[in-house]
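Peer 1: build me a structure from this.
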Amino acid sequence: MEWFHNYLPQPILWQFGFITIRWYGLMVASGLFLAILIVAKLAKKRGKNPDDVYSLALWLAIFGVIGARLYDVFIIDLNYFFYHPQDIIKIWQGGLAIHGAIIGGAITLIVWCKNKKEKFLDWLDLAAYGLPIGQAIGRFGNFFNQELFGWPTDWPWGIHIAINNRPEKFIDYSYFQPAFLYESILNLSLFLLLFFLIRKKTRPAGFLVAVYLTGYGLIRFVMEFIRIDETAMIGDFRWPQIFSLIVCVGGLGWLYFLTRKKV
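Peer 2: Got it, this is the predicted structure:
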């Protein structure tokens, strides 16, 4: 705990000439890789071709990143990127919004299923199953980038934030809530919940994604009370918080519909 409390992470893992390996990219790639393996295993169990998972994952990764970046640029930090358009391509510095990734991925999945003549909800469930474990690992990229932290704290697990990464109004504080860690643990818990649910009995198509949307919507809604990074605001509420609440309510409504339909 003392090591975690005092360790000051650096964004670059290894650099040789023009070749740079960043922790952020490594964590995101590792999360994606594990999610793909887990989804491929479930797909095989459900009579799907695992090779389709690998080919689909490439497209989801590409357009998920594009969606995540566009969402961050136009919804979260439009004012910044309006004056710094050259920074739009610098995704290695962070700024990938998971809500945008989900939207971009969903659109990609719709097109893929239509072309392959596959059932959209079946594949949406598979994607939802892998998402939270990928997010749980990927969040550690935020740790190495010194971003996604919460209010100042003197708790023993508070993380040390370099002065150049602190919000101006908290410039005199050194330790902050590890919001990235909280969300990572909650995402892992959501994955374990989905793992438990699919082992108990057969679920209707769309069930896993409904649980995921409900769970992650709630997770992100709560986390927005802790996060202090700048974002778009609607009144006194952070836009990601409002959007997450909409996602959570939509997921609950979907679960209710599936339950009523089954009855």
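Peer 1: strands of the stretch 151-263 of the chain, start to end?
Peer 2: 159-160, 175-176, 233-234, 237-238 (DSSP state E, counting those that start in this stretch).
Peer 1: which one of these is the most hemmed in?
Peer 2: Of the strands of the stretch 151-263 of the chain, the one with the most neighbours on average (mean count of other CB atoms under 10 Å) is strand 175-176, at a mean of 20. C-beta here means a position set from N, CA and C on the backbone, and glycine is covered the same way.
Peer 1: show me what that strand is in contact with.
Peer 2: Residues from elsewhere that reach strand 175-176 (CB atoms under 8 Å, 6 or more residues apart in numbering): 5, 149-155, 158-161, 166, 170, 228.
Peer 1: please apply the same query to stretch 93-100.
Peer 2: 11, 24, 28, 65, 67-73, 75-77, 87, 135, 141-142, 145, 147, 220, 240, 243-244, 247.
Peer 1: output that stretch as CSV, nothing but the C-alphas.
Peer 2: Taking Å, rounded to 0.1, in the frame of the first residue of the first chain, the C-alpha atoms of stretch 93-100 are listed here in CSV:
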residue,chain,number,x,y,z
GLN,A,93,-2.2,10.7,-24.3
GLY,A,94,-5.7,9.4,-23.3
GLY,A,95,-9.0,10.9,-24.2
LEU,A,96,-10.9,7.8,-25.3
ALA,A,97,-14.5,7.9,-24.0
ILE,A,98,-16.0,4.5,-23.4
HIS,A,99,-19.5,5.7,-24.2
GLY,A,100,-18.2,6.7,-27.7
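Peer 1: what does stretch 253-263 rub up against?
Peer 2: Pro204, Gly206, Phe207, Val209, Ala210, Val211, Leu213, Thr214.
Peer 1: one more: stretch 144-164?
Peer 2: 1-2, 4-11, 13, 22-24, 27, 93-94, 139, 142-143, 165, 170-171, 173-183, 226-229.
Peer 1: buried stuff in that stretch?
Peer 2: Phe144, Asn145, Gln146, Glu147, Leu148, Phe149, Gly150, Pro152, Gly158, Ile159, Ile161 (16 or more other CB atoms under 10 Å).
Peer 1: once you drop chain neighbours, what's closest to the fifth one?
Peer 2: This points to Leu148. Closest residue to Leu148 apart from its sequence neighbours, by CB to CB, 6 or more residues apart in numbering: Asn142 at 3.8 Å.
Peer 1: need the contact list for the one you found.
Peer 2: Contact partners of Asn142, counting by CB under 8 Å, 6+ apart, are Tyr24, Gly94, Leu148, Phe180.
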